[in-house]
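Peer 1: no sequence on this one, just coordinates:
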């Protein structure tokens, strides 16, 4: 099936570009609340499922053993901007396990945020692995491995204890068999698995509600999401979409983006799990989509719904500050 146009980009009075997408919203029992496009075709959720990947950090007792609070757990679920607070905390997390930046296997890169990048270049000579947007997640992996008494070397590998354990957790949450056939390699070198959007959404609904999960897993899932909502800056960073959405409705929205136009979210008070993808991988399309979906799901709260709808629409300006067009939800999300 052809996915519907869910976002338009205008210039002047005309539509210049269109983004097609898929949206799945599922309740804790697996019933469909909203389905747009082909939600049964497998997609790579990428970093949008970091909270699933961090579950064992809490469930195993490692988080408590190392004295992790909300900030550390939020960073373990993050795709951060590499701001000084993010870098410092990632280093502090592994230091508690007797490790250092040299033990990370995520690689290094410059920040994706222009203001942070400028500061990094000025500081020179180049960023280390603590500045990787996935360093919080990797800090969690390293601490999980050390707590379990397993050699942490090669922890990004498909067959390592850390990754095989995470694979089992994600398969259980989503109800999707995960293996070599639907596996790729993520930007930070760990395995990433393709699952249907509807299955990913159901996995998040189970996490936020605890439905169908054992008591320890349900407790760990709720704790992770509560930590992210309590410390949204450590999930992303200044001016980032995930941070802004959670700050807009404290305790009411958990939101996490992923590469290639993916966004996942939960609404604790409703027990909903949300997974969407902008088909062409555009971040601007995915952000407009998640804002519009959340606005519809909070239709019973007129003020919040209006703010979310406004957030989903962006004005584009040229280099002289002249308004030239808009990014706006379209079709069933208009």
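Peer 2: That came through, no problem. Nothing here was measured: the structure is a model prediction, and the numbers come from that model. Numbers count the residues shown, from 1 in each chain.
Peer 1: got the buried residues for the lowest-mean-pLDDT helix or strand in the chain?
Peer 2: Of all the helices and strands that make up the chain, helix 114-123 has the lowest average by mean pLDDT, DSSP states H and E, namely a mean of 88. Of all the residues in helix 114-123, those buried under the rule 16 or more other CB atoms under 10 Å are 116, 120. Using the backbone N, CA and C atoms, a C-beta is placed for each residue, glycine as well.
Peer 1: so how many other residues sit close to the nearest residue to residue 103 once chain neighbours are set aside?
Peer 2: Take residue 103 and drop its neighbours on the chain: the residue closest to it by CB to CB, 6 or more residues apart in numbering is residue 142, 5.9 Å away. Close neighbours of residue 142, defined as other CB atoms under 10 Å, add up to 24.
Peer 1: From residue 264, how far off is residue 142?
Peer 2: In this view, residue 142 and residue 264 are 24 Å apart by CB to CB, to the nearest Å.
Peer 1: same question, residue 135
Peer 2: The separation that residue 135 has from residue 264, given CB to CB, amounts to 20 Å.
Peer 1: Same question for residue 126.
Peer 2: Residue 126 sits 32 Å away from residue 264 when distances are taken as CB to CB.
Peer 1: Among these two, which residue is more densely surrounded?
Peer 2: residue 264 (30 against 11).
Peer 1: which SS class is the more buried one?
Peer 2: Residue 264 carries the three-state label strand when classified by DSSP: H, G, I helix; E, B strand; the rest coil.
Peer 1: which residues does it contact?
Peer 2: With contact taken as CB atoms under 8 Å, 6 or more residues apart in numbering, residue 264 is in contact with 45, 48-49, 200-201, 204, 255-256, 258, 273-276.
Peer 1: quick one on the thing from earlier: just give me how far the least confident helix or strand of the chain sits from the chain centre.
Peer 2: 24 Å (CA atoms, centre = their mean, to the nearest Å).
Peer 1: I'd like the numbering to begin with 253 instead of 1 from here.
Peer 2: Yep, numbering from 253; the last one is helix 366-375 now.
Peer 1: For residue 270, list each beta-bridge partner.
Peer 2: On the basis of DSSP bridges, residue 270 is bridged to residue 260.
Peer 1: Kindly provide the distance from it to residue 348.
Peer 2: Residue 270 sits 48 Å away from residue 348, going by CB to CB.
Peer 1: surely residue 512 meets residue 299?
Peer 2: No - using CB atoms under 8 Å as the test, residue 512 is too far from residue 299 to be in contact (9.8 Å).
Peer 1: Show me which of these two is the more surrounded one.
Peer 2: More neighbours surround residue 299 than the other of residue 512 and residue 299, with 24 against 19 (other CB under 10 Å).
Peer 1: from what I can see the more buried one touches residue 513, true?
Peer 2: No - if you go by CB under 8 Å, residue 299 and residue 513 don't touch, sitting 11.8 Å apart.
Peer 1: name the helices or strands packed onto the helix or strand hosting residue 258?
Peer 2: Residue 258 is part of strand 257-263 when elements are defined by DSSP states H and E. Other helices and strands packing on strand 257-263, by 3 or more CB pairs under 8 Å, 6 or more residues apart in numbering; DSSP states H and E, are strand 266-278, helix 535-549, strand 575-581.
Peer 1: hmm, try it at 10 Å
Peer 2: When contacts are defined as 3 or more CB pairs under 10 Å, 6 or more residues apart in numbering; DSSP states H and E, strand 257-263 packs onto strand 266-278, strand 524-530, helix 535-549, strand 566-569, strand 575-581.
Peer 1: Following element in sequence after the third one, please.
Peer 2: Stepping forward along the backbone from helix 535-549, the first helix or strand reached (DSSP H and E) is helix 554-564.
Peer 1: For the residue nearest to residue 355, which residues are in contact?
Peer 2: Residue 394 makes contact with 314, 342, 345-346, 349-352, 355-357, 404, 407, 414 under the criterion CB atoms under 10 Å, 6 or more residues apart in numbering.
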